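>>> Quick one, what's the 3D model for this:
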Amino acid sequence: MQHSIVKYTELFTHEDYRWDGEYLCFEPHKNSKLMYLPIGDVLIQSQYGISIAMNEDGNGTKIYRMNEIANMFCDRNVNKHARITQEEIDAFKLIDRDVLFNRTNSQVFVGRTGIFKEFSKNDFVFASYLIRLKPDESKVLPEYLTAFLNTKYGVLDVKRRARVSINQSNVNAEELKRVEIPLIDSELQKQIKNAFDKAFVLINQSEAIYKESESLLLSELGLLEWRPKHCLSFVRKYSETEQAGRFDAEYFQPKYDEIVKAMKKYKGGWDTLGNLVSVKKCVEVGSGEYQDEGIPFVRVSNLSTFEVTEEKYISEKLYSEIKQHQPKQGEILFSKDATPGIAYYLRHKPGKIIPSGGILRLKRKDDRIKEDYLTLVLNSLLTKEQINRDVGGSVILHWRPDQVRKTLIPILPEEIQRQIQQKVTESFALRKQSKYLLECAKKAVETAIEKDEKAAMQWLKKQTKNCTGLA
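Model prediction:
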């Protein structure tokens, strides 16, 4: 049991006016040789995001939420848009090297911090869940601020200040400003910025190579320049509606026919997903089984093309009762609910995890396809458009397993599949290096706090130098 003794009179010296044990017992370790300042004293701006309705129909300005912050970067895949005025865009537009701090949601998400790096000509704004931080760079570089808030010391100080309710936690801007940050040597801060810059180069390279693999697929099918077009009117036979068991206009949009015809006339042939893989359903355990630690329980929100994250956990006892749902190496985790069509290939043997009922486990049973290739197809617009057709008009997206099994998969020649596999493998390797560099930057900050700045500088230089494949 961790405990701390605090004098009654000292309780009134805390700006937070906190008496609870979570706040008083978990004050993070500090290095007495370093000068600490409240984060508020090193900022030139802190700003809440815009509160506005969002959509996924592609209309408006792309808007960041809490979900798009991962691995200390702001994600490049933003699927929410907001219809806002130019004045609002100007007020909330993200600028290169802005730092975004997630102030609300579960204890796992609260405090998640990432740096925004410009990667397109589009405007991006940020939602009210987030706080924009702009530090005074004569004191603290944005990359160092981001790294510190992701260290165990920054995370601890943020979380102990969080106001926790049954469903969520909150840290407002004023509470964040009272978190204390050490003023480390400017040269070490520059080395941390260097690690972030190199990591960003690697992410760019990774995504460029992944897009090349997507282009190989679409080019082979003659769909490289294809763009879906929504038709306001078209004609279908009544017999077609009877055969499909659907009467809604969205299902019969001509754009879906174009995708299906391209695959069905492909010279290499095609097949349905159900003939190519075995499909296993996963399990729901109920929110009452969630724990703060234990065996990761993977929900759709934890699944992406490039990784599986952790947020919810279950007990070892419950795991032993449902361990038949443990995924195996070589399987593909594939979402069918909420955000259907996310596929992640388990290249390596996974640790203990249990996927939720919104996720399917796919296992290859046909040698005509390679797992990396199939995963790419499942994440491509070929599958996305089939999903849009099947679940169109639904309030809560649910792609039935029988619909999943009927998904059309083109069978490309083995040589092209091998080229795609090589590119995907290279893309993942570059992404892994990028993540490693960011972890090194974070570790360097922790080393400076635990030991000294010189040791942190030497260690980070060595790690950065040894990381291969850097531009």
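
>>> what residue ranges in the chain are flagged as low confidence?
Residues of the chain that meet the criterion pLDDT under 70 lie in 1-26, 106-108, 166-167, 231-234, 237-238, 240-245, 247, 392-395, 466-471.

>>> what's the domain layout of it?
The domain map for the chain lists 34-183, 222-265+269-411, with the assignment taken from automatic domain parsing.

>>> which one of those lies closest to residue 434?
Closest to residue 434 of these, according to Cβ to Cβ: domain 34-183, at 7.9 Å. To be clear about C-beta, it is placed using only N, CA and C from the backbone, and glycine gets the same treatment.

>>> Could you tell me the end-to-end distance of the closest one?
Start to finish, the residues bounding domain 34-183 are 7 Å apart (Cα to Cα, to the nearest Å).

>>> Run the chain-centre distance for it.
15 Å (Cα atoms, centre = their mean, to the nearest Å).

>>> which residue ranges form the strands in the stretch 201-350 of the chain?
Applying DSSP state E, counting those that start in this stretch to the stretch 201-350 of the chain gives strands spanning 270-272, 277-281, 295-298, 312-314, 332-335, 343-345.

>>> hmm, who's touching the fourth one?
Yep, that's strand 312-314 we're talking about. Taking Cβ atoms under 8 Å, 6 or more residues apart in numbering as the criterion, the residues outside strand 312-314 that touch it are 108, 285, 289-297, 299, 354.

>>> go again using 7 Å as the cut-off
285, 289, 290, 291, 292, 293, 294, 295, 296, 297, 299, 354 (Cβ atoms under 7 Å, 6 or more residues apart in numbering).

>>> Kindly list the longest helix within this structure.
For the chain, the helix with the greatest residue count under DSSP state H is helix 414-450.

>>> Flag every buried residue along it.
Of the residues in helix 414-450, 417, 419-421, 423-424, 426-428, 430-431, 433-435, 437-449 count as buried by neighbour count, 16 or more other Cβ atoms under 10 Å.

>>> which is the next helix or strand following it?
Using DSSP states H and E, the next helix or strand after helix 414-450 towards the C-terminus is helix 453-466.

>>> That following helix - contacts with which helices or strands?
Under the contact definition 3 or more Cβ pairs under 7 Å, 6 or more residues apart in numbering; DSSP states H and E, helix 453-466 sits against helix 186-220, helix 414-450.

>>> what's the closest of these to residue 401?
Judged by Cβ to Cβ, the one of the helices and strands packed on helix 453-466 that comes nearest to residue 401 is helix 186-220, at 24.6 Å.

>>> how much does the closest one deviate in direction from helix 414-450?
Computed by axes from the mean of the first three to the mean of the last three Cα atoms, to 10 degrees, the angle separating helix 186-220 from helix 414-450 equals 160 degrees.

>>> Okay, residue 423 and residue 188: tell me how far apart.
For residue 423, the distance to residue 188 (Cβ to Cβ, to the nearest Å) stands at 36 Å.

>>> if we can go back for a sec, mean neighbour count for the domains of the chain - can I get that in TSV?
Listed next are these as TSV, based on neighbours: other Cβ atoms under 10 Å:
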stretch	mean neighbour count
domain 34-183	18
domain 222-265+269-411	16
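
>>> So which of those is nearest residue 456?
Nearest to residue 456, of all the domains of the chain, is domain 34-183, at 11.0 Å by Cβ to Cβ.

>>> I'd say residue 398 and residue 339 touch.
No. At 11.2 Å, residue 398 and residue 339 do not qualify as touching, with contact defined as Cβ atoms under 7 Å.

>>> check which helix or strand covers residue 46.
Here residue 46 sits within strand 43-48, counting by DSSP H and E.

>>> in its sheet, what does that strand sit against?
Taking DSSP bridges as the criterion, strand 43-48 forms sheet pairs with strand 130-135 (antiparallel).

>>> Can you tell me what sits against the partner strand?
Residues outside strand 130-135 that contact it (Cβ under 7 Å, 6+ apart): 42-49, 64, 66, 98-103, 126, 142, 145, 173, 176.

>>> any idea which of the contacts of strand 312-314 is the one closest to residue 120?
Lowest distance from residue 120 to these (Cβ to Cβ) belongs to residue 299, with 29.0 Å.

>>> Could you pull up the residues touching the nearest residue to that closest one once chain neighbours are set aside?
The spatially closest residue to residue 299, leaving aside those adjacent along the chain, is residue 356, at 4.6 Å (Cβ to Cβ, 6 or more residues apart in numbering). Residue 356 makes contact with 282, 284, 297, 298, 299, 300, according to Cβ under 7 Å, 6+ apart.

>>> My guess is the second one contacts residue 358. True?
No. If you go by Cβ under 7 Å, residue 284 and residue 358 don't touch, sitting 8.2 Å apart.

>>> Name the nearest of the contacts of residue 356 relative to residue 77.
Scanning those for proximity to residue 77, where the rule is Cβ to Cβ, the winner is residue 300, at 14.9 Å.

>>> The closest one against residue 355, yeah?
No. Shown here, residue 300 and residue 355 do not form a contact pair, counting by Cβ under 7 Å, at 9.0 Å.

>>> Show me where the stretch 251-400 of the chain has its helices.
The residue ranges that make up the helices of the stretch 251-400 of the chain, judged by DSSP state H, counting those that start in this stretch, are 254-264, 273-276, 316-321, 371-379, 381-391.

>>> could those go into a markdown table alongside distance to residue 246?
Rendered in a markdown table, the data for these read as follows (distance: least, Cβ to Cβ, whole Å):
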| stretch | distance to residue 246 |
| --- | --- |
| helix 254-264 | 11 |
| helix 273-276 | 19 |
| helix 316-321 | 39 |
| helix 371-379 | 23 |
| helix 381-391 | 9 |
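
>>> Tell me which of those helices lies nearest to residue 344.
Taking Cβ to Cβ as the criterion, residue 344 comes closest to helix 371-379 out of these, the separation being 7.3 Å.
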